[in-house]
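*Asks:* Quick check, what structure comes out for this input:
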Amino acid sequence: MTDFFMNDRAPTDKPSMGSGSLLLFGVNHKTAPVELREQLAIPADRLAEATRSLAQTPGVREAMVLSTCNRVELLVCSESAAPDLLGFFNDFFALDNPDAVLKPHVYEYRDHEAVRHLFRVASSLDSMVVGEPQILGQVKEAYSVAKSVGAVQKNLEKLLQNAFNVAKRVRNETEIGNSSVSIASIAVDLAEKIFGSLQNKKVLLVGAGKMSELAARHLVQRGASSIYVANRTQERAERLAAQFRSQFAGHVVPFNDLYAFADRADIVITSTGSPEPIFRPEHAAKFIHRRRNRPMFFIDIAVPRDVDPAVNRVEGVFLYDIDDLQSVAASNRTDRVKEAAQAEAIIAVEVERYQRLLNTLDAIPVIRNLQQSAETMRQSELRKAESKLRGLAAEPLSDAQWSAVEAMTKALMNKFLHPTLQAIKAAAAEGDSERLDTFRSTFDIQRAANYTQAHSVSAEPAKTTDPILDPEPTSYLEKPS
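*Replies:* Prediction:
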């Protein structure tokens with residue numbers, strides 16, 4: 001574990017991804033300020049590129065990149081040698097002095113703790129606004145992109161499908177998602193705290209994405225009567241305004257007219273994907289002059305930020321960015337303590353269940369080799385007995401007689417193996433590597449495997465299901481000629 005491991009639980013030595021390791025590395029709103037997070041934000045149109053680049057990093061077998069306004073996380077299934085994920089950040093984002101800039105803010109989870117963290121993220125327990133529903137969709141989108149570029153194979157596929165199921169269970173079995181909360185709703189809460197009431201206030205939404213749509217819904221619920229929407233693609237702005245036109249005086253502001261119009265708004269809530277600030281101090285100074293020094297409020301929930309922080313120095317302008325929303329979100333978190341505790345209990349159970357599932361992977365080669373060696377011995381003994389059986393009858397045994405002999409010998413073999421196979425599976429499920437090693441040495445599994453390979457008959461075994469789930473051995477026996 002690195003010296004910047006940011007977890008309150010001890011790392012685990014339990015296996016995770018076969019012979020490799022599961023590693024989760026990143027920053028979020030609790031460990032890094034928005035000034036750093038916006039440097040690491042990956043726009044949607046570069047997510048595939050970032051994921052492909054991560055998957056090509058030496059030591060990485062599978063990969064996914066999650067980038068939201070509050071976190072950037074790298075999830076990888078790696079080889080035994082840990083990949084240089086700090087170096088990936090440095091190379092992809094061209095950071096200056098990453099050891100000083102980034103390292104103090106990153107967290108790194110491995111194996112068991114990486115699973116726990118992913119389950120918490122997908123279930124919205126690690127969000128700024130606990131219970132917000134957007135994060136699960138963002139994780140699914142990251143998974144979809146990673147799968148489309150071939151970066152998700154069987155290990156991450158299994159893990160992420162479990163994460164989605166855990167998030168669904170948390171939603172279904174707790175009250176954590178019952179009220180409609182999101183970064184957008186917290187931004188509207190802040191606006192209401194500033195003015196006391198939103199009635200008769202003019203609000204300008206810059207951006208017409210999901211976050212702006214959520215903000216519009218909450219503004220309507222709080223009594224806002226005049227909402228204006230500006231977006232680079234005017235068609236999207238028109239669609240958003242049209243959804244609420246029957247409830248308020250919705251207006252579309254052409255993006256080219258944004259600076260000419262913005263001073264008419266008392267509150268500007270901005271959430272775009274712009275890589276550069278849209279509003280700068282010189283814009284804010286003009287707005288205040290036109291407003292004859294009446295105060296103006298900006299609530300910037302974009303990462304990277306849409307409003308230059310220097311705007312806050314313009315007299316009469318008050319700027320709140322996404323990190324300023326944390327104090328408002330804290331009260332929301334307090335209200336959800338009971339539900340969060342229930343959700344944490346579910347996650348603890350699910351993490352252990354998933355770990356037991358992974359532990360059974362250690363038993364597969366032991367069980368398979370034991371079954372195959374027993375089957376080879378059974379066939380060998382049948383062939384030795386063939387001449388004796390022929391001598392006991394005037395004619396060769398019929399198909400029905402050979403079927404009866406095979407069924408009897410197979411039943412004896414299965415009954416003999418059953419308690420041993422159950423004990424092997426129990427040891428694997430409990431993560432007891434010492435007991436598994438004892439089984440290997442007791443039955444000399446490697447020697448048995450070599451014997452099986454050397455004495456196997458020419459017929460190829462039929463494909464069967466996983467021996468953990470279907471311990472019935474494959475039959476190699478053909479009726480002797």
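*Asks:* What's the mean pLDDT across the helix or strand where Met211 lies?
*Replies:* Met211 is located in helix 210-221, with elements delineated by DSSP states H and E. Helix 210-221 shows a mean pLDDT of 82.
*Asks:* cool, and stretch 163-182?
*Replies:* 86.
*Asks:* how about it: buried residues?
*Replies:* Under the neighbour-count criterion of 16 or more other C-beta atoms under 10 Å, stretch 163-182 has 163-164, 166-167, 169-171, 174, 176-177, 181-182 buried. For every residue, glycine as well, the C-beta is placed using N, CA and C.
*Asks:* before we move on, what about stretch 377-391?
*Replies:* Of the residues in stretch 377-391, those buried (16+ other C-beta under 10 Å) are 378-379, 382, 386.
*Asks:* any idea how far it is from the chain center?
*Replies:* Offset of stretch 377-391 from its chain centre (C-alpha atoms, centre = their mean, to the nearest Å): 55 Å.
*Asks:* State the mean pLDDT of stretch 290-299.
*Replies:* Across stretch 290-299, pLDDT averages out at 91.
*Asks:* Stretch 112-123 now?
*Replies:* On average, stretch 112-123 scores 96.
*Asks:* okay, the closest residue to Val149 other than its chain neighbours: pLDDT?
*Replies:* Nearest residue to Val149 in three dimensions, chain neighbours excluded: Arg52, at 4.8 Å (C-beta to C-beta, 6 or more residues apart in numbering). On the pLDDT scale, Arg52 is placed at 97.
*Asks:* can I assume Arg52 sits in a strand?
*Replies:* No: going by DSSP: H, G, I helix; E, B strand; the rest coil, the assignment for Arg52 is helix, not a strand.
*Asks:* so where's the stretch 1-150 of the chain shaky on pLDDT?
*Replies:* The stretch 1-150 of the chain contains residues with pLDDT under 70 at 1-20, 80-81.
*Asks:* quick one: the helices in it?
*Replies:* Taking DSSP state H, counting those that start in this stretch to define them, one finds helices in the stretch 1-150 of the chain at 34-40, 47-55, 85-93, 98-101, 111-122, 134-148.
*Asks:* contacts for stretch 252-262?
*Replies:* Residues outside stretch 252-262 that contact it (C-beta atoms under 8 Å, 6 or more residues apart in numbering): 204, 206, 228-232, 234, 237-238, 241, 268, 278-279, 283, 286-287.
*Asks:* Now do the end-to-end distance for it.
*Replies:* Start-to-end span of stretch 252-262 (C-alpha to C-alpha, to the nearest Å) is 12 Å.
*Asks:* average model confidence for that stretch?
*Replies:* Here the average pLDDT along stretch 252-262 is 95.
*Asks:* how about it: buried residues?
*Replies:* Neighbour count says stretch 252-262 has 252-253, 255, 258, 262 buried, by 16+ other C-beta under 10 Å.
*Asks:* will you turn these into TSV that also has distance to Asn312 and secondary structure?
*Replies:* TSV is the format used below for the buried residues of stretch 252-262 (distance: C-beta to C-beta, whole Å; DSSP: H, G, I helix; E, B strand; the rest coil):
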residue	distance to Asn312	secondary structure
Val252	28	strand
Val253	24	strand
Phe255	24	helix
Leu258	20	helix
Ala262	16	helix
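*Asks:* Looking at those, which one is closest to Ala63?
*Replies:* Phe255 (36.0 Å; C-beta to C-beta).
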